[in-house]
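1. Take this sequence and fold it.
(one chain, ligands or ions: 2)
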Amino acid sequence: MQGAKVSSSMVLRSLHERKALPVFPAVILKLDEVLAQDNVNVDQVVTIVAADMLIASRIMRAACSVRYGMKPPKDLLDAVSRLGFAEVRAVAFAVSYTAGFMKPTHINVSVFWRHAFASAVAARELAGWFLRVKQQRVCDAPTAFLMGLSHEVGVLLLDLFSPNEFAQVLASVANEEQSMMEQKILGTTHAIIGAALLKQWGFADYMAMAVAAHHFPARLQPELQPLADVVLFAEYIAVTLGFGNGVYDAPSAAMHDLVLSRGEAYGISGAILTDLSADVADGLQAEGWLELADSVQ
Ligand SMILES: [Fe+2]
Ligand SMILES: [Fe+2]
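-> Numbering: from 1, shown residues only. Ligands and ions are numbered 1, 2, ... in the order given. Reported below is the predicted structural model:
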């Protein structure tokens, strides 16, 4: 069967009308207001994150991760100073974003969120690799983390939008590419719908475009491709570590080939991806993101 083409604004509107569209986290709106000031007042930032116990404890935990010297922070102010505002925002976003979704019909939430956090850590490691090895700044670490975290949001949205048709996608992915089946059955893809939500949430254009093209980076203008490639490689690393996205469990032959051919242009071989995967597995464990993924209801 062939689904008629569906516009992303129609999907988002329909979800909104059914009260199934996640709203942009209120705590991030508050944070952004404070962070937009010329001289950011760190006490105001601390007050906002302190009001949410889960966010505060995640920030404390992130501040004693291996990237920050393993020493427990003295207090929340110390933790916020260590992390910097962009990373504090990313952690607060991660916590509030995971809590903002209605329960999907078919997708297993903990599988989905494990994939999201594995991809987030992978994207961060990949951005670090580009900087270290290629002296290329694809994006900063918190942005990479957010990209990995949110790249697959369209999967949840499509499952909420049209559960019956999404079940058909799930039933056919063993033989066909996810994006291709989504296009055939639903008339759009998780990447397009996810990008539309992020755009509506005020993510920068280049970020939304990287999400839209994360299975087809070559479709973007050359300067936008590296970030889409980072997302693609991050998704691949997550899946090869055993964190499938809830739709498929192992990279298809086509995805494997795409990753290797895109990697060639940057000098990212299969062996480098394997090395990075080991760092991702360590970071994921040490920073406790899987526990957060498993706590989502
Ligand atoms: Fe994807
Ligand atoms: Fe993914």
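
2. Give the burial count for the residue in the stretch 151-297 of the chain that ligand 2 sits nearest to, as a bare number.
-> The minimum distance from the stretch 151-297 of the chain to ligand 2, using Cβ to the ion, falls at Glu235 (3.6 Å). Yep, even glycine has a C-beta here, placed from its N, CA and C like the rest. Neighbourhood size, Glu235 [other Cβ atoms under 10 Å]: 27.

3. switch to numbering from 551
-> Sure thing, new numbering starts at 551, so read that last one as Glu785.

4. where does it fall, phi/psi-wise?
-> Dihedral pair for Glu785: phi -60, psi -40, per degrees, to the nearest 10.

5. Which residues are in contact with it?
-> By Cβ atoms under 8 Å, 6 or more residues apart in numbering, the contact set of Glu785 is His665, Ser669, Ala672, Gly698, His701, Glu702, His764, Asn795.

6. if we go to 7 Å?
-> Neighbouring residues of Glu785 by Cβ atoms under 7 Å, 6 or more residues apart in numbering: Ser669, His701, His764.

7. Next: Ser827.
-> Residues in contact with Ser827 (Cβ under 7 Å, 6+ apart) are Ile787, Thr790, Leu791.

8. Could you check how far it is from Ala600?
-> The spacing between Ser827 and Ala600, counted by Cβ to Cβ, to the nearest Å, is 35 Å.

9. do Val705 as well
-> Val705 is 33 Å from Ala600, by Cβ to Cβ.

10. Among the two, which residue is more densely surrounded?
-> Ranked by neighbour count (other Cβ under 10 Å), Val705 and Ala600 place Val705 first, with 27 against 15.

11. Strands of the stretch 601-750 of the chain, residue ranges please.
-> Assigned strands in the stretch 601-750 of the chain: none (criterion: DSSP state E, counting those that start in this stretch).

12. Could you pick out the residues of it near ligand 2 for me?
-> Contact residues (Cβ under 5 Å from the ion) of the stretch 601-750 of the chain with ligand 2: Glu702.

13. can you give me the helices for the stretch 601-750 of the chain?
-> Ranges of helices within the stretch 601-750 of the chain are 603-613, 626-633, 635-648, 659-684, 691-700, 703-711, 713-722, 728-736, 740-750, based on DSSP state H, counting those that start in this stretch.

14. Would you convert these into JSON lines that also reports mean pLDDT?
-> Shown next, in JSON lines, are those (pLDDT from 0 to 100):
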{"stretch": "helix 603-613", "mean pLDDT": "93"}
{"stretch": "helix 626-633", "mean pLDDT": "95"}
{"stretch": "helix 635-648", "mean pLDDT": "93"}
{"stretch": "helix 659-684", "mean pLDDT": "96"}
{"stretch": "helix 691-700", "mean pLDDT": "94"}
{"stretch": "helix 703-711", "mean pLDDT": "96"}
{"stretch": "helix 713-722", "mean pLDDT": "94"}
{"stretch": "helix 728-736", "mean pLDDT": "93"}
{"stretch": "helix 740-750", "mean pLDDT": "96"}
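
15. of those helices, which approaches Pro776 most closely?
-> helix 659-684 (7.1 Å; Cβ to Cβ).
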